[in-house]
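Q: Here is my input, please return the structure:
(one chain, ligands or ions: 1)
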Amino acid sequence: MAPSKIEYMSDIWKDGIFENKVVFCTGGAGTICSAQVRALVHLGANACIIGRNVEKTERVAKEISSIRPNAKVIGIGSVDVRKFESLKDAAERCVKELGAIDFVIAGAAGNFLASIEQLSVNAFKSVMDIDILGSYNTLKATLPYLVESGKKHRVDSETLDPSPSGTGGRIIFVSATLHYRGMPFQAHVSVAKAGIDSLSNSVAVEYGPRGVTSNIIAPGPIESTEGLGRLLPSDVKKAYTRSQPLGRVGHVRDIADATVYLFSDSGSYVSGQTLVVDGAQWRTSGGI
Ligand code: HXC
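A: So this is what the prediction gives:
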(Lines give C-alpha, C1' and ligand atoms only; values in the text may rest on other atoms or scores of the structure.)
Protein backbone atom coordinates (compact mmCIF):
# COMPACT_ATOMS: atom_id res chain seq x y z
CA MET A 1 0.00 0.00 0.00
CA ALA A 2 1.40 3.39 -0.99
CA PRO A 3 2.12 5.62 1.99
CA SER A 4 -0.34 8.49 2.12
CA LYS A 5 1.31 11.88 1.93
CA ILE A 6 0.98 14.52 4.59
CA GLU A 7 1.40 18.15 3.83
CA TYR A 8 3.20 19.24 6.96
CA MET A 9 2.09 22.57 8.36
CA SER A 10 5.03 24.65 9.48
CA ASP A 11 2.76 27.12 11.26
CA ILE A 12 2.30 24.51 14.02
CA TRP A 13 5.90 23.32 14.32
CA LYS A 14 8.83 25.61 13.62
CA ASP A 15 10.88 24.91 10.49
CA GLY A 16 14.40 23.69 11.21
CA ILE A 17 13.78 22.37 14.74
CA PHE A 18 15.43 19.08 13.77
CA GLU A 19 18.33 20.57 11.82
CA ASN A 20 21.48 18.43 12.23
CA LYS A 21 19.44 15.54 13.66
CA VAL A 22 19.41 12.08 12.12
CA VAL A 23 16.55 9.62 12.48
CA PHE A 24 16.88 5.85 11.93
CA CYS A 25 13.53 4.16 11.34
CA THR A 26 12.63 0.49 10.89
CA GLY A 27 9.43 -0.18 8.99
CA GLY A 28 10.19 3.21 7.48
CA ALA A 29 8.53 2.55 4.14
CA GLY A 30 5.20 1.70 5.77
CA THR A 31 2.26 4.07 5.95
CA ILE A 32 2.64 5.22 9.56
CA CYS A 33 6.43 5.25 9.86
CA SER A 34 6.98 7.00 6.54
CA ALA A 35 4.66 9.79 7.74
CA GLN A 36 6.64 10.07 10.99
CA VAL A 37 9.90 10.34 9.05
CA ARG A 38 8.41 12.75 6.53
CA ALA A 39 7.44 15.14 9.32
CA LEU A 40 10.91 15.01 10.89
CA VAL A 41 12.61 15.55 7.54
CA HIS A 42 10.26 18.41 6.75
CA LEU A 43 11.39 20.03 10.00
CA GLY A 44 15.09 19.66 9.24
CA ALA A 45 16.21 16.10 10.03
CA ASN A 46 18.05 13.70 7.76
CA ALA A 47 16.89 10.10 7.79
CA CYS A 48 17.71 6.48 7.18
CA ILE A 49 14.71 4.24 6.57
CA ILE A 50 14.94 0.49 6.87
CA GLY A 51 12.68 -2.03 5.16
CA ARG A 52 12.49 -5.56 3.81
CA ASN A 53 11.54 -4.63 0.25
CA VAL A 54 14.42 -2.95 -1.60
CA GLU A 55 12.38 -1.32 -4.35
CA LYS A 56 9.71 0.05 -2.00
CA THR A 57 12.20 1.27 0.62
CA GLU A 58 14.35 3.10 -1.93
CA ARG A 59 11.31 4.61 -3.63
CA VAL A 60 9.89 5.95 -0.35
CA ALA A 61 13.32 7.30 0.69
CA LYS A 62 13.60 9.16 -2.61
CA GLU A 63 10.11 10.56 -2.27
CA ILE A 64 10.75 11.78 1.30
CA SER A 65 14.07 13.36 0.33
CA SER A 66 12.24 15.52 -2.23
CA ILE A 67 10.17 17.37 0.37
CA ARG A 68 12.99 19.63 1.55
CA PRO A 69 15.93 21.04 -0.41
CA ASN A 70 19.22 19.42 0.77
CA ALA A 71 17.44 16.71 2.75
CA LYS A 72 19.42 13.47 2.89
CA VAL A 73 17.30 10.34 3.13
CA ILE A 74 18.82 6.88 2.67
CA GLY A 75 16.63 3.85 2.06
CA ILE A 76 18.17 0.53 3.07
CA GLY A 77 16.03 -2.37 1.87
CA SER A 78 16.48 -6.11 2.35
CA VAL A 79 16.98 -5.70 6.10
CA ASP A 80 15.13 -8.27 8.20
CA VAL A 81 14.78 -6.91 11.74
CA ARG A 82 14.94 -10.51 13.00
CA LYS A 83 18.62 -10.55 12.01
CA PHE A 84 20.77 -8.41 14.28
CA GLU A 85 23.79 -8.30 11.96
CA SER A 86 21.85 -6.75 9.08
CA LEU A 87 20.52 -4.04 11.40
CA LYS A 88 23.98 -3.41 12.81
CA ASP A 89 25.33 -2.99 9.27
CA ALA A 90 22.48 -0.61 8.45
CA ALA A 91 23.13 1.49 11.58
CA GLU A 92 26.85 1.68 10.71
CA ARG A 93 26.02 2.77 7.17
CA CYS A 94 23.62 5.41 8.50
CA VAL A 95 26.32 6.88 10.74
CA LYS A 96 28.94 6.70 7.99
CA GLU A 97 26.73 8.55 5.51
CA LEU A 98 24.74 10.88 7.77
CA GLY A 99 27.13 11.31 10.71
CA ALA A 100 25.02 10.18 13.69
CA ILE A 101 21.84 8.58 14.96
CA ASP A 102 19.98 10.92 17.30
CA PHE A 103 16.47 9.50 17.03
CA VAL A 104 15.23 5.95 16.48
CA ILE A 105 11.75 4.82 15.53
CA ALA A 106 11.29 1.08 15.99
CA GLY A 107 8.29 0.59 13.76
CA ALA A 108 8.66 -2.73 11.94
CA ALA A 109 5.78 -5.08 12.77
CA GLY A 110 3.94 -8.12 11.48
CA ASN A 111 0.26 -8.83 11.85
CA PHE A 112 -2.63 -10.91 10.56
CA LEU A 113 -5.95 -12.01 11.98
CA ALA A 114 -5.94 -15.54 13.37
CA SER A 115 -7.65 -17.35 16.21
CA ILE A 116 -5.44 -19.06 18.77
CA GLU A 117 -6.48 -22.43 17.31
CA GLN A 118 -5.55 -21.32 13.78
CA LEU A 119 -2.26 -19.86 14.89
CA SER A 120 0.59 -22.31 14.36
CA VAL A 121 3.49 -22.27 16.76
CA ASN A 122 5.62 -20.89 13.98
CA ALA A 123 3.08 -18.16 13.18
CA PHE A 124 3.11 -17.03 16.82
CA LYS A 125 6.90 -17.14 16.87
CA SER A 126 7.13 -15.17 13.61
CA VAL A 127 5.25 -12.25 15.14
CA MET A 128 7.32 -12.43 18.36
CA ASP A 129 10.47 -12.43 16.26
CA ILE A 130 9.48 -9.49 14.07
CA ASP A 131 7.95 -7.37 16.84
CA ILE A 132 9.82 -8.15 20.07
CA LEU A 133 13.17 -9.47 18.83
CA GLY A 134 13.08 -6.95 15.97
CA SER A 135 12.54 -4.05 18.38
CA TYR A 136 15.30 -5.34 20.64
CA ASN A 137 17.67 -5.74 17.68
CA THR A 138 16.86 -2.21 16.52
CA LEU A 139 17.59 -0.88 19.99
CA LYS A 140 20.80 -2.87 20.36
CA ALA A 141 22.15 -1.87 16.94
CA THR A 142 21.54 1.84 17.54
CA LEU A 143 22.13 2.16 21.29
CA PRO A 144 25.82 3.13 21.07
CA TYR A 145 24.84 6.03 18.79
CA LEU A 146 21.88 7.05 20.96
CA VAL A 147 24.17 7.17 23.99
CA GLU A 148 26.66 9.23 21.97
CA SER A 149 23.90 11.64 20.98
CA GLY A 150 22.60 11.63 24.55
CA LYS A 151 25.94 12.95 25.83
CA LYS A 152 24.96 16.33 24.44
CA HIS A 153 21.78 16.13 26.45
CA ARG A 154 22.89 14.81 29.82
CA VAL A 155 22.50 16.50 33.15
CA ASP A 156 25.84 17.62 34.61
CA SER A 157 26.39 15.37 37.64
CA GLU A 158 28.21 18.12 39.56
CA THR A 159 25.90 21.06 38.97
CA LEU A 160 22.74 19.05 38.18
CA ASP A 161 22.18 21.47 35.31
CA PRO A 162 20.68 20.04 32.14
CA SER A 163 22.72 20.58 29.01
CA PRO A 164 21.30 23.45 27.01
CA SER A 165 21.96 21.72 23.72
CA GLY A 166 18.49 20.24 23.51
CA THR A 167 17.41 16.98 21.98
CA GLY A 168 19.39 13.83 21.38
CA GLY A 169 19.37 10.13 22.14
CA ARG A 170 15.68 9.36 21.80
CA ILE A 171 13.80 6.23 20.85
CA ILE A 172 10.12 5.71 20.10
CA PHE A 173 8.70 2.20 19.83
CA VAL A 174 5.49 1.97 17.81
CA SER A 175 3.07 -0.20 19.75
CA ALA A 176 -0.72 -0.60 19.84
CA THR A 177 -3.66 -0.53 22.25
CA LEU A 178 -4.86 -4.09 21.55
CA HIS A 179 -3.40 -5.53 24.74
CA TYR A 180 -5.00 -3.01 27.11
CA ARG A 181 -8.11 -5.19 27.05
CA GLY A 182 -8.24 -8.43 25.14
CA MET A 183 -8.69 -8.70 21.40
CA PRO A 184 -10.01 -11.75 19.57
CA PHE A 185 -7.79 -13.01 16.72
CA GLN A 186 -4.94 -10.80 17.90
CA ALA A 187 -3.38 -12.82 20.74
CA HIS A 188 0.01 -12.96 19.03
CA VAL A 189 0.24 -9.21 18.35
CA SER A 190 -1.14 -8.34 21.78
CA VAL A 191 1.57 -10.39 23.50
CA ALA A 192 4.23 -8.84 21.28
CA LYS A 193 3.13 -5.27 21.86
CA ALA A 194 2.98 -5.81 25.64
CA GLY A 195 6.60 -6.97 25.44
CA ILE A 196 7.61 -3.91 23.45
CA ASP A 197 5.96 -1.60 26.01
CA SER A 198 7.97 -3.31 28.71
CA LEU A 199 11.20 -2.98 26.76
CA SER A 200 10.65 0.75 26.40
CA ASN A 201 10.16 1.16 30.15
CA SER A 202 13.43 -0.66 30.83
CA VAL A 203 15.32 1.51 28.36
CA ALA A 204 13.89 4.66 29.95
CA VAL A 205 15.15 3.86 33.43
CA GLU A 206 18.37 2.08 32.45
CA TYR A 207 19.57 4.62 29.85
CA GLY A 208 18.00 7.82 31.21
CA PRO A 209 21.20 8.50 33.18
CA ARG A 210 23.06 8.36 29.87
CA GLY A 211 20.83 10.96 28.22
CA VAL A 212 18.49 8.62 26.34
CA THR A 213 14.71 8.90 26.49
CA SER A 214 12.38 6.07 25.49
CA ASN A 215 8.67 6.24 24.82
CA ILE A 216 5.85 4.33 23.18
CA ILE A 217 3.43 5.72 20.63
CA ALA A 218 0.30 3.58 20.53
CA PRO A 219 -1.74 4.42 17.45
CA GLY A 220 -5.43 3.61 17.32
CA PRO A 221 -7.18 2.90 14.04
CA ILE A 222 -5.38 4.95 11.38
CA GLU A 223 -6.82 5.67 7.94
CA SER A 224 -5.16 3.97 4.92
CA THR A 225 -3.02 1.58 6.94
CA GLU A 226 -2.55 -2.09 6.19
CA GLY A 227 -3.50 -2.84 9.81
CA LEU A 228 -6.88 -1.08 9.61
CA GLY A 229 -7.55 -2.53 6.16
CA ARG A 230 -7.04 -6.02 7.53
CA LEU A 231 -8.98 -5.54 10.75
CA LEU A 232 -11.93 -3.53 9.45
CA PRO A 233 -13.88 -4.67 6.38
CA SER A 234 -14.86 -1.72 4.13
CA ASP A 235 -18.61 -2.45 4.46
CA VAL A 236 -18.60 -1.62 8.20
CA LYS A 237 -16.03 1.16 8.09
CA LYS A 238 -18.49 4.07 7.86
CA ALA A 239 -20.59 2.93 10.81
CA TYR A 240 -17.44 2.18 12.80
CA THR A 241 -16.05 5.65 12.07
CA ARG A 242 -19.27 7.35 13.17
CA SER A 243 -19.25 5.37 16.40
CA GLN A 244 -15.86 6.68 17.47
CA PRO A 245 -15.66 9.19 20.34
CA LEU A 246 -14.28 11.90 18.04
CA GLY A 247 -16.37 10.80 15.06
CA ARG A 248 -13.35 9.87 13.00
CA VAL A 249 -10.48 7.45 12.78
CA GLY A 250 -6.92 8.70 12.98
CA HIS A 251 -4.80 10.14 10.20
CA VAL A 252 -1.09 9.42 9.79
CA ARG A 253 -0.57 13.06 10.58
CA ASP A 254 -1.83 12.47 14.12
CA ILE A 255 1.00 10.00 14.65
CA ALA A 256 3.52 12.28 12.95
CA ASP A 257 2.57 15.14 15.29
CA ALA A 258 2.99 12.93 18.36
CA THR A 259 6.43 11.94 17.07
CA VAL A 260 7.48 15.55 16.50
CA TYR A 261 6.42 16.40 20.05
CA LEU A 262 8.35 13.54 21.66
CA PHE A 263 11.52 14.26 19.67
CA SER A 264 11.32 18.04 20.09
CA ASP A 265 12.76 20.08 22.96
CA SER A 266 9.21 20.23 24.34
CA GLY A 267 9.36 16.47 24.99
CA SER A 268 12.74 16.44 26.71
CA TYR A 269 11.37 15.47 30.17
CA VAL A 270 8.99 12.84 28.85
CA SER A 271 10.39 9.30 29.15
CA GLY A 272 9.07 5.86 30.03
CA GLN A 273 5.61 6.90 28.81
CA THR A 274 3.02 5.69 26.36
CA LEU A 275 1.39 8.30 24.19
CA VAL A 276 -1.88 6.78 23.00
CA VAL A 277 -3.06 8.49 19.82
CA ASP A 278 -6.46 6.96 19.24
CA GLY A 279 -9.11 9.59 19.91
CA ALA A 280 -10.11 7.64 23.08
CA GLN A 281 -11.01 4.60 20.96
CA TRP A 282 -9.65 1.97 23.34
CA ARG A 283 -11.66 3.40 26.25
CA THR A 284 -14.90 2.58 24.45
CA SER A 285 -16.31 -0.91 24.82
CA GLY A 286 -16.35 -1.48 21.05
CA GLY A 287 -12.67 -2.28 20.58
CA ILE A 288 -11.45 -2.44 17.01
C1 HXC B 1 -2.50 -17.63 10.13
C2 HXC B 1 -0.46 -17.14 9.17
C3 HXC B 1 -1.04 -16.07 8.43
C4 HXC B 1 -2.45 -15.84 8.60
C5 HXC B 1 1.08 -16.17 7.96
N6 HXC B 1 0.85 -17.14 8.84
N7 HXC B 1 -0.05 -15.49 7.70
N8 HXC B 1 -1.18 -17.91 10.01
N9 HXC B 1 -3.14 -16.64 9.45
N10 HXC B 1 -3.05 -14.87 7.93
C11 HXC B 1 1.80 -18.12 9.35
C12 HXC B 1 2.43 -18.93 8.24
O13 HXC B 1 1.59 -19.99 7.82
C14 HXC B 1 3.70 -19.44 8.92
O15 HXC B 1 3.41 -20.51 9.81
C16 HXC B 1 4.09 -18.28 9.81
O17 HXC B 1 2.90 -17.47 9.97
C18 HXC B 1 5.16 -17.43 9.19
O19 HXC B 1 4.70 -17.00 7.94
P20 HXC B 1 5.72 -16.61 6.77
O21 HXC B 1 4.92 -16.03 5.66
O22 HXC B 1 6.64 -17.72 6.48
O23 HXC B 1 6.61 -15.54 7.50
P24 HXC B 1 7.11 -14.15 7.02
O25 HXC B 1 7.34 -14.12 5.56
O26 HXC B 1 8.23 -13.82 7.85
O27 HXC B 1 5.87 -13.17 7.32
C28 HXC B 1 5.64 -12.64 8.58
C29 HXC B 1 4.18 -12.30 8.73
C30 HXC B 1 3.67 -11.46 7.57
C31 HXC B 1 3.99 -11.55 10.06
C32 HXC B 1 3.41 -13.60 8.80
O33 HXC B 1 2.28 -11.16 7.72
C34 HXC B 1 4.44 -10.18 7.41
O35 HXC B 1 5.57 -10.19 6.96
N36 HXC B 1 3.90 -9.06 7.72
C37 HXC B 1 4.61 -7.75 7.63
C38 HXC B 1 3.70 -6.71 7.18
C39 HXC B 1 2.54 -6.53 8.12
O40 HXC B 1 1.99 -7.48 8.66
N41 HXC B 1 2.16 -5.31 8.33
C42 HXC B 1 0.99 -5.00 9.14
C43 HXC B 1 1.44 -4.47 10.40
S44 HXC B 1 0.08 -3.71 11.15
P45 HXC B 1 3.68 -22.05 9.41
O46 HXC B 1 3.27 -22.81 10.62
O47 HXC B 1 2.78 -22.31 8.23
O48 HXC B 1 5.13 -22.17 9.08
C49 HXC B 1 0.32 -3.86 12.72
C50 HXC B 1 -0.67 -3.07 13.51
C51 HXC B 1 -1.19 -3.88 14.64
O52 HXC B 1 1.18 -4.49 13.19
C53 HXC B 1 -2.31 -3.17 15.33
C54 HXC B 1 -3.56 -3.17 14.57
C55 HXC B 1 -4.61 -2.26 15.14
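Q: From residue 48, how far off is residue 96?
A: Note on residue 96: its distance to residue 48, by C-beta to C-beta, to the nearest Å, is 10 Å. Glycine gets a C-beta too; all of them are placed from N, C-alpha and C.
Q: between the two, which one's more packed in?
A: Set side by side, residue 96 and residue 48 give different neighbour counts by other C-beta atoms under 10 Å, the larger being at residue 48 (27 against 8).
Q: and residue 109, what does it touch?
A: The contact partners of residue 109, taken as C-beta atoms under 8 Å, 6 or more residues apart in numbering, are 27, 130-131, 134, 174, 189, 192.
Q: In strands only, show me those residues.
A: With strands defined by DSSP state E, the entries of those inside them are residue 174.
Q: Quick one, which of the contacts of residue 109 are buried?
A: Buried subset of these (neighbour count, 16 or more other C-beta atoms under 10 Å): 27, 130-131, 134, 174, 189, 192.
Q: Check these one by one and keep those near the ligand.
A: Near the ligand, judged by C-beta under 6 Å from any ligand atom, the entries from the buried ones among the contacts of residue 109 are 130, 189.
Q: okay, the buried ones among the contacts of residue 109 in TSV with pLDDT next?
A: Output for the buried ones among the contacts of residue 109, formatted as TSV (pLDDT from 0 to 100):
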residue	pLDDT
27	97
130	98
131	98
134	98
174	98
189	97
192	98
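Q: Quick one: end-to-end length of stretch 58-74, please.
A: Chord length of stretch 58-74, first to last residue, is 7 Å (C-alpha to C-alpha, to the nearest Å).
Q: mind checking the backbone torsions on residue 107?
A: Residue 107 has phi and psi values of phi -120, psi -10 when expressed as degrees, to the nearest 10.
Q: For it, report the pLDDT, please.
A: With respect to pLDDT, residue 107 has a value of 98.
Q: doesn't residue 105 fall inside a strand?
A: Yes - Residue 105: assigned to a strand according to DSSP: H, G, I helix; E, B strand; the rest coil.
Q: any idea whether the residue nearest to it when sequence neighbours are not counted is helix, strand or coil?
A: Taking C-beta to C-beta, 6 or more residues apart in numbering, and ignoring the residues beside it in sequence, residue 105 has residue 25 as its nearest neighbour in space, at 4.1 Å. When the structure is split into helix, strand and coil by three-state DSSP, residue 25 lands in strand.
Q: I'd like the distance between whatever residue of the stretch 1-150 of the chain ends up closest to the ligand and residue 93.
A: Relative to the ligand, the nearest point of the stretch 1-150 of the chain is residue 110 (2.6 Å; C-beta to the nearest ligand atom). Here the distance between residue 110 and residue 93 works out to 24 Å (C-beta to C-beta).
Q: which of these two has more neighbours?
A: Under the criterion of other C-beta under 10 Å, the comparison of residue 110 against residue 93 puts residue 110 first, with 18 against 13.
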